[in-house]
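*Asks:* With the sequence up front, the predicted model follows.
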Amino acid sequence: MIKRKFYLEKIVKLIDTEDIKVITGVRRCGKTVLLKQIIDELENRGIASENIIYMSFESSKYKNIRNDNDLDEFIFSKTNNLNGKIYLLFDEIQKVKNWEDEDEVESYLIALLNQQAFDRAGLIYGMGHAVYSISDPRARTFRKFVQKLADEKGLQKEFALYNLVEKLAPKVIANERHIYKGVSANIDFYSGLVYSMLGIPHELYTPIFAIGRIAGWSAHRLEELVNAGKIIRPAYKAVAKHKPYTPLSERD
């Protein structure tokens with residue numbers, strides 16, 4: 001884990017002040033890592049681990065915390081019998097009043113594209129692909145297994161939210177960006193939800209995403225060096241004669 005020394009030193013000076021500290025930044029820049037390093041710093045100072053409460057609102061563990069009252073009750077249940085100062089670290093905080101309401105979700109997606117929400121990058125992550133526009137066949141297949149896992153974990157509402165975003169995002173992108181060629185969810189759209197449902201630690205999300213792509217990224221980089229800074233995406237045309245599909249159950 002890379003030590004975020006520059007930022008950590010700035011925050012450490014403010015740890016015991018009464019102000020609420022807010023860490024912002026683009027996606028995957030290391031905000032969660034920095035929070036974990038703040039926890040390490042607190043423990044090194046002798047703060048008991050039970051007095052340090054870290055909550056990532058991306059985790060299904062906190063799915064029942066819907067409002068400030070729920071949050072107050074949860075924190076009280078964790079701290080009621082503790083002595084000394086309590087340190088609260090909240091990660092992946094989002095603000096959507098009712099994420100089962102289409103109009104509310106659509107308004108949030110518009111805010112994302114207009115750099116008014118989340119990391120203000122102006123992107124809806126997981127939407128769009130350089131080749132697939134109408135639909136990504138990988139995502140269509142993956143979605144079926146994600147739904148089964150969501151049913152098993154009792155997270156049907158969370159899956160329904162992803163379905164809703166997948167439905168609304170193409171229309172919102174078309175209207176806000178004037179892109180009408182078609183935009184669809186890519187294979188990675190549901191990945192974060194799956195990682196969360198499987199209980200995979202956040203710090204492993206990026207390595208899991210990257211490990212299967214390293215060979216391709218390396219090949220692209222070599223190709224770029226050979227072809228004067230250009231990466232070629234070849235188009236494939238089948239020349240074999242068409243054969244009817246035979247289901248596996250009917251094959252010899």
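*Replies:* Noted; the coordinates are in hand.
*Asks:* Any regions of the protein where pLDDT drops low?
*Replies:* Under the criterion pLDDT under 70, the flagged ranges of the chain are 1, 26-28, 94-97, 233-235.
*Asks:* And the helices in it, which stretches?
*Replies:* Ranges of helices within the chain are 5-12, 31-44, 68-79, 102-113, 137-153, 156-177, 191-197, 205-211, 214-226, based on DSSP state H.
*Asks:* Please list the outside residues in contact with the third one.
*Replies:* When contacts are taken as Cβ atoms under 8 Å, 6 or more residues apart in numbering, the neighbours of helix 68-79 outside the stretch itself are Asn51, Ile53, Tyr62, Asn64, Ile65, Ile86, Leu88. C-beta: built from backbone N, CA, C; applies to glycine.
*Asks:* In ChimeraX, select just the buried ones from those.
*Replies:* Selection of buried members from these for ChimeraX, criterion 16 or more other Cβ atoms under 10 Å:
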select :51,53,62,65
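*Asks:* Determine which two of the contacts of helix 68-79 are furthest apart.
*Replies:* Asn51 and Asn64 (23.3 Å; Cβ to Cβ).
*Asks:* Can you lay out the helices of the chain as a markdown table showing distance to Glu58?
*Replies:* Below are the helices of the chain laid out as a markdown table (distance: least, Cβ to Cβ, whole Å):
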| stretch | distance to Glu58 |
| --- | --- |
| helix 5-12 | 21 |
| helix 31-44 | 9 |
| helix 68-79 | 15 |
| helix 102-113 | 15 |
| helix 137-153 | 14 |
| helix 156-177 | 10 |
| helix 191-197 | 6 |
| helix 205-211 | 10 |
| helix 214-226 | 25 |
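*Asks:* Compare these and give me the one nearest Lys243.
*Replies:* Shortest distance between Lys243 and these, using Cβ to Cβ, is found for helix 137-153: 18.8 Å.
*Asks:* and that closest one, what does it pack onto?
*Replies:* helix 156-177, helix 191-197 (3 or more Cβ pairs under 8 Å, 6 or more residues apart in numbering; DSSP states H and E).
*Asks:* Quick check: buried residues in the last one?
*Replies:* Pointing back at helix 191-197 there. Ser191, Gly192, Leu193, Tyr195, Ser196, Met197.
*Asks:* can I get these in a markdown table with distance to His242?
*Replies:* Listed next are these as a markdown table, based on distance: Cβ to Cβ, whole Å:
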| residue | distance to His242 |
| --- | --- |
| Ser191 | 34 |
| Gly192 | 38 |
| Leu193 | 37 |
| Tyr195 | 39 |
| Ser196 | 42 |
| Met197 | 40 |
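*Asks:* First-to-last residue distance for stretch 130-142?
*Replies:* Distance between the two ends of stretch 130-142: 19 Å, counting by Cα to Cα, to the nearest Å.
*Asks:* Could you list the buried residues of it?
*Replies:* Tyr132, Asp136, Ala139, Phe142.
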